[in-house]
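>>> Need a 3D model of the sequence below.
(2 chains)
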Number of protein chains: 2
Amino acid sequence: MDDSPPRADAPADDRNGRRIVPGTASRADRPADRPAARTGRRYGNRPTMKDVAARAGVGLKTVSRVVNGEPGVTPDTERRVQEAIQALGFRRNDSARVLRKGRTASIGLILEDLADPFYGPLSRAVEEVARAHGALLINGSSAEDPAREQELALALCARRVDGLVVIPAGDDHRYLEPEIRAGVAMVFVDRPAGRIDADVVLSDNFGGARDGVAHLIAHGHRRIGFIGDMPRIHTAAERLRGYRAAMEDAGIPVAEKWISLGATDPERVRRAAEEMLSGPEPVTAVFTGNNRVTVTVIRVLSRHPRPVALVGFDDIELADLLQPGVTVVAQDAAALGRTAAERLFLQLDGDGAQVPPERIELPTRLVMRGSGELPPVQ
Amino acid sequence: MDDSPPRADAPADDRNGRRIVPGTASRADRPADRPAARTGRRYGNRPTMKDVAARAGVGLKTVSRVVNGEPGVTPDTERRVQEAIQALGFRRNDSARVLRKGRTASIGLILEDLADPFYGPLSRAVEEVARAHGALLINGSSAEDPAREQELALALCARRVDGLVVIPAGDDHRYLEPEIRAGVAMVFVDRPAGRIDADVVLSDNFGGARDGVAHLIAHGHRRIGFIGDMPRIHTAAERLRGYRAAMEDAGIPVAEKWISLGATDPERVRRAAEEMLSGPEPVTAVFTGNNRVTVTVIRVLSRHPRPVALVGFDDIELADLLQPGVTVVAQDAAALGRTAAERLFLQLDGDGAQVPPERIELPTRLVMRGSGELPPVQ
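Residues are numbered from 1 along each chain as shown, chains lettered A, B, ... in the order given. Presented below is the predicted three-dimensional model:
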């Protein structure tokens, strides 16, 4: 576990308050073929079928047959054409088809859960940017299943989306490399891409959780529980890291029984909360790792005999109208979606300048409403 | 305005408590070509390219060229082939492509607003049914714009979805007739289809609103406000009709200043609520026409000097934890999605029996939590 002081090498914020961290692969150490591949993605300057035919040493009709999946091409010739397509980053130009068949430019968005209200404003923001660029948005849900994510991403690529915004469920996205080479723009949001170099837009999950837990400590709490999502999920791991950092900053040793990670279903969360709140040395405050957890913990605390402080990660609707109001570390879900979509169209509309992958981190905001300002009651 | 007593000819509920109303067009009065068109939709018994070639009097290769949008066909021949395709309800059989290109069966869902929490459970339910049938779900949002709905529906059909579940924004769906004839399954949910005969799954918006308003009347209220969505939206109009019916049932004349219809943005709703609550004869209770309106009215009432009763259409998260708890007329959004998706796959998987369009109405449920049981305070 990395408990080292955070933000030691924090990069400067840009003028929109976003923290921009360059991609792990700098221009210098990116393989020589990458810039060409990314350049191939731009409109107006992409390789044509003629380029593919020349490189493969075959006629244009043969390339057309391969591209359109028609019969009459020997396996050896097909292989040569496919190699030329790969090498050049060729992608069938659909503009003639758009005119003929009324097909519209489109981008895809892969969510994790269609029913999580966090994704509502994020999706809507992606859609608004898409619409401003004259593109349709089509969505799908991975339901937190890496195989499903892959199936859906490839299905959308097969349906010729121009780009994909992905909230990844999996941690290995090398399966998308052929699509990226073929010119599909790609941005990851909420969680990073795995094992590929790509644009990523994240909230400052670590810093937000650290601030939220430090806030509870500042109000006198020392026994603070943490209830979060499954630790393999990037955001859950980062928020736990923030919790540990805040405790360490204050010199408070963490008892492992104060930490509960797992599925966010109400039953699991309820049991976890009730356990921390019982026994001879119960927690006096709880930090919840996402909105689904927060909602269940609010219910548990509403029935609990003693007041217990609460800070939740993610804002929730009506949090201000509860008694006490719920203090949260709010993410700007709309800004995440908007920023990701804008990166996607930057890739698609690039004016010839290369667009190296970036990691953009958006700040969170502590919203004090009462529950996080309760003093410890033993 | 139809204020006649409701449910006079209420059809029987089926064993799942769903009210099933046969489609407006019975088998007898459906045009002769309709059964064939619907039959063409079933797997295993659809017209082939060979049938099209025979009917058009051309070779198979010519049909293939037209279907795949390849050149080398005269306009006149193309027209003949297209006519044969239309007449037969031919649809390119993609199973060979599925095997070759890994394309998966898929259905589309067109929502009205990606950020409305009502659609979360509905979408997830559609997705679960799709997955159980081995199909992917892809979503898009019309943002309450009929032109956008049409663009999106046709774009999804062009991307070869096998069926569409539509929450319609528009009221004329004749543009979908060629797609239906071509074998795309189609179910409308939450709001009915316009000017076509199709499967429709709705909540009992009229009955639910009538029950909710009758509940306020039973607690002594007579001056009851109604704040709803734009009246051109089917659900909004039906709920208003329920409000008027309950008032008429109780012999209470409705003052038009008690009714406010329009956009659900917080500013519009806030002004509407404040107006009803002021003046010499303010309303003592409010019925809100959907979840977006309810959330804003809760905020207004939380600052209001007198207690005002509230019943909202649609359940909202944390409604039980507010003071007082919010009484609602709850729809079962998941059941709406599940029922619609099951109808879609019934169309797709039909075993040869014709599936005539049905109108299925799901009951709502009055959930009493306190706000709807407050007595009138003048």
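
>>> Only C-alpha atoms from now on, for both contacts and neighbour counts.
Noted.

>>> For the closest residue to residue A:52 other than its chain neighbours, give its distance to residue A:51.
Leaving aside its sequence neighbours, residue A:52 sits nearest to residue A:84 (CA to CA, 6 or more residues apart in numbering or on different chains; 5.6 Å). Per CA to CA, to the nearest Å, residue A:84 is found 9 Å from residue A:51.

>>> ok, now residue A:377?
74 Å.

>>> for residue A:79, same thing?
Residue A:79 is 16 Å from residue A:51, where distance means CA to CA.

>>> higher neighbour count, the two?
Neighbour count, other CA atoms under 10 Å in any protein chain shown: between residue A:79 and residue A:51, residue A:51 has more, with 17 against 14.

>>> Which helix or which strand is home to residue A:164?
strand A:163-166 (DSSP states H and E).

>>> strand partners of that strand, parallel vs antiparallel please.
Strand A:163-166 has the following strand partners under DSSP bridges: strand A:106-111 (parallel), strand A:185-189 (parallel).

>>> out of those strands, nearest to residue B:128?
Closest approach to residue B:128 among the strands paired with strand A:163-166 is made by strand A:106-111 (14.7 Å; CA to CA).

>>> And the helix or strand just after that closest one, how far out from the chain middle?
Counting by DSSP H and E, the next helix or strand C-terminal to strand A:106-111 is helix A:119-132. Distance of helix A:119-132 from the chain centroid (CA atoms, centre = their mean, to the nearest Å) equals 14 Å.

>>> And for the very next helix or strand once past helix A:119-132, what's in contact with it?
From helix A:119-132 onward toward the C-terminus, using DSSP H and E, the following helix or strand is strand A:136-141. With contacts defined as CA atoms under 8 Å, 6 or more residues apart in numbering or on different chains, strand A:136-141 is touched by A:104-114, A:126-127, A:130-131, A:149, A:152, B:137-141, B:152.

>>> Now that we have the residues you listed, which of them are buried?
Taking 16 or more other CA atoms under 10 Å in any protein chain shown as the criterion, what is buried in those is A:104-114, A:126-127, A:130, A:149, A:152, B:137-141, B:152.

>>> how about the residue nearest to residue A:52, what does it touch?
Contacts of residue A:84 by CA under 8 Å, 6+ apart are A:52, A:53, A:55, A:56.

>>> Report how many residues lie close to residue A:214.
For residue A:214, the count of nearby residues is 20 (other CA under 10 Å).

>>> so who does the residue nearest to it when sequence neighbours are not counted touch?
Nearest non-adjacent residue to residue A:214, counting by CA to CA, 6+ apart: residue A:246, 5.5 Å away. If a contact means CA under 8 Å, 6+ apart, then residue A:246 has A:210, A:211, A:213, A:214 as its contacts.

>>> Selecting buried members of those residues in PyMOL, what would you type?
To isolate the buried ones among the contacts of residue A:246 in PyMOL, judged by 16+ other CA under 10 Å, type:
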select buried, chain A and resi 210+211+213+214
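
>>> which of the contacts of residue A:246 lies closest to chain B?
Nearest to chain B among the contacts of residue A:246: residue A:213, at 24.0 Å, using CA to the nearest CA.

>>> For the closest one, what is the enclosing helix or strand?
Element membership for residue A:213 (DSSP H and E) is helix A:205-218.

>>> How about the secondary structure of residue A:355?
coil (DSSP: H, G, I helix; E, B strand; the rest coil).

>>> pLDDT value on it, please?
Looking at residue A:355, its pLDDT stands at 76.

>>> just checking, it touches residue A:349?
No. Contact criterion CA atoms under 8 Å: residue A:355 and residue A:349 do not qualify, at 10.2 Å.

>>> Kindly report the residues of the stretch 51-200 of chain A close to chain B.
Proximity of the stretch 51-200 of chain A to chain B (CA under 8 Å from any CA of the partner chain) is limited to residues A:103-104, A:113-117, A:119-121, A:123-124, A:136-141, A:152, A:155, A:158-159.
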